[in-house]
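Chemist: No letters, just coordinates:
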């Protein structure tokens, strides 16, 4: 087959050539924007518009089914003087920080264990991912029953194992309820870390380990100086994704504790739902949701830049 | 070196930790299953050893299917998942293709916009979105969630597919165009078929994610007949302080089955999508 120069392939508009629809469609810019426009318009209407409309709402005293009154930053001032707001802030950051560390450490452990040769590896991987793919609200219902005040299987094991005299009320006690959420979120999210980090580990050439072993590196040294540097980019991306999405977590908390007892487990998403949806104060609810934006914006911009550099 | 010592090392480094992970990850599912087939006298007794079932029964399943709207919820869930998946993969493909393979003015802005919309968390949008849906008079219709789920899925699909589209050599497309194919034909006949694994990944993902969606469904679907499985189970099977745990677990288990089946057939594509694009939960 004769090779022609690539430039010939581009139908450059030649002077005097008749104007046709097809010729127009062959132009890169026009073709591209025709393809893009349905998606772009959809995202403008259903993501960009609500996003900015939410900012507008947060500056209003706006109840369901009544017109809004512009109040400037009054909603934010009210929030800043509300002790619950600061409790919700602490809860959110605690929840995100603790679950992230646990998922990262547990996930890395899972990946290292899975990165060995054994029979049935694909099957094990498929099973380990199940918590991540099953609808969260449904698996959370199973956890409600595991943590039930009266019939908890955990309490049964603790009591009958002679560890404690009487069982705990996991979801009725402020700090136990928060730790219960941490456990369930970790259970659900750890496989995501485990399987993506495993993919990262599999890119490491065995030669590197052999070279390190010949140089007399111990297992710990090999992990620190060979494994970690290679999977660092994956580690960073996975962690940042997970942090952003954990900040936005809603259904797990809503289903397991509803933010209770006494606001002890409310995070931004569940609290703004209570205010905006259950109590119908759209303006205040939007303000609560937006209060998380500064922290998120730093993360989102950071991740976007990092991804574009990669 | 063969024998005991090697097995001991393998036990310590592989089998034991693997067993711990598998048991921890799968125990809640075992618990769902076993609770759903226990008769009430075994469920609500602190004396009986709870880890096994003595007299299994299907009563909870029968009650679930006959006395609740579970089958309607399942139908709604699958319908919504199917429509949103098709819509998201279609629009995602249409966005990803030019972004990955063309040079045109505005490309950088759109690419950043897609990444940003993918990362904006739902809790920032649901209150204004509820107002928007109310104004469109779509409350309590499946259209409401069919329109809102793709906001989560289109950016994901676009992003995932961009990677696949970039990997197809430009020469293949140019050869087709020399033979007279238009840009559109080069896309549908050359590039897309080569990216079938990517399209499958995007589809499987969208399908599982839309069955997992909770917040929009909770806000927009307040009537039982239009609810999806997660919302129906959490809002209707949990009745006040009285729990019907057998039925609840039967619902949770059955509700997970469609996702699990699809997943088991396409595990490899799911994992590929997971590692390529990372995931919104």
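Modeler: Everything's here; your move. Quick caveat, the model's predicted, so the values are computed rather than measured.
Chemist: Please make it C-alpha for all contacts and neighbour counts, starting now.
Modeler: Fine.
Chemist: Ramachandran angles for residue A:61?
Modeler: The phi/psi pair for residue A:61 (degrees, to the nearest 10) reads phi -90, psi 100.
Chemist: Just to check, it is in contact with residue A:286?
Modeler: No. Counting by C-alpha atoms under 8 Å, residue A:286 is not a contact partner of residue A:61; they are 10.4 Å apart.
Chemist: who has more neighbours, these two?
Modeler: Neighbour comparison, residue A:61 and residue A:286: the larger count goes to residue A:286, with 31 against 19 (by other C-alpha atoms under 10 Å in any protein chain shown).
Chemist: Check which helix or strand that one maps to.
Modeler: Secondary structure from DSSP states H and E places residue A:286 in helix A:282-291.
Chemist: check whether that helix contacts chain B.
Modeler: Yes. Counting by C-alpha under 8 Å from any C-alpha of the partner chain, chain B has neighbours in helix A:282-291: A:282, A:285, A:286, A:289, A:290.
Chemist: can you pull the buried residues of that helix?
Modeler: For helix A:282-291, burial by neighbour count (16 or more other C-alpha atoms under 10 Å in any protein chain shown) applies to A:282, A:283, A:284, A:285, A:286, A:287, A:288, A:289, A:290, A:291.
Chemist: which one of the residues you listed sits closest to residue A:194?
Modeler: Distance to residue A:194, by C-alpha to C-alpha, is smallest for residue A:289 among the buried residues of helix A:282-291, at 30.5 Å.
Chemist: Quick one: residues contacting the closest one.
Modeler: Applying C-alpha atoms under 8 Å, 6 or more residues apart in numbering or on different chains to residue A:289 gives the contacts A:268, A:269, A:272, B:123, B:124.
Chemist: Filter the residues you listed down to just the ones in helices.
Modeler: A:268, A:269, A:272 (DSSP state H).
Chemist: As TSV, those residues with distance to chain B and pLDDT would be great.
Modeler: What follows is the ones in helices among the contacts of residue A:289, written out as TSV (distance: C-alpha to the nearest C-alpha, whole Å; pLDDT from 0 to 100):
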residue	distance to chain B	pLDDT
A:268	8	94
A:269	5	95
A:272	8	95
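Chemist: picking that back up, what is the mean pLDDT for the next helix or strand after the helix holding residue A:286?
Modeler: As assigned by DSSP H and E, the chain's next helix or strand after helix A:282-291 is helix A:293-309. The predicted model assigns helix A:293-309 a mean pLDDT of 81.
Chemist: I'd like to know which elements helix A:293-309 is packed against.
Modeler: Applying 3 or more C-alpha pairs under 8 Å, 6 or more residues apart in numbering or on different chains; DSSP states H and E, one finds that helix A:293-309 contacts helix A:228-247, helix B:107-119.
Chemist: starting at the chain centroid, how far to the very next helix or strand once past the longest one?
Modeler: Proceeding C-terminally, helix A:228-247 gives way to helix A:251-256 as the next helix or strand, assigned by DSSP H and E. A distance of 15 Å separates the C-alpha centroid of helix A:251-256 from that of its chain, computed with C-alpha atoms, centre = their mean, to the nearest Å.
Chemist: tally of neighbours for residue 137?
Modeler: Picked chain A for this. Count around residue A:137 with other C-alpha under 10 Å applied: 25.
Chemist: should've been chain B
Modeler: Residue B:137 sits with 11 neighbouring residues when counted by other C-alpha under 10 Å.
Chemist: On the three-state scheme, it is what?
Modeler: Using DSSP: H, G, I helix; E, B strand; the rest coil, the structure places residue B:137 in coil.
Chemist: Roughly how far does it sit from residue A:294?
Modeler: Distance, residue B:137 to residue A:294, using C-alpha to C-alpha, to the nearest Å: 33 Å.
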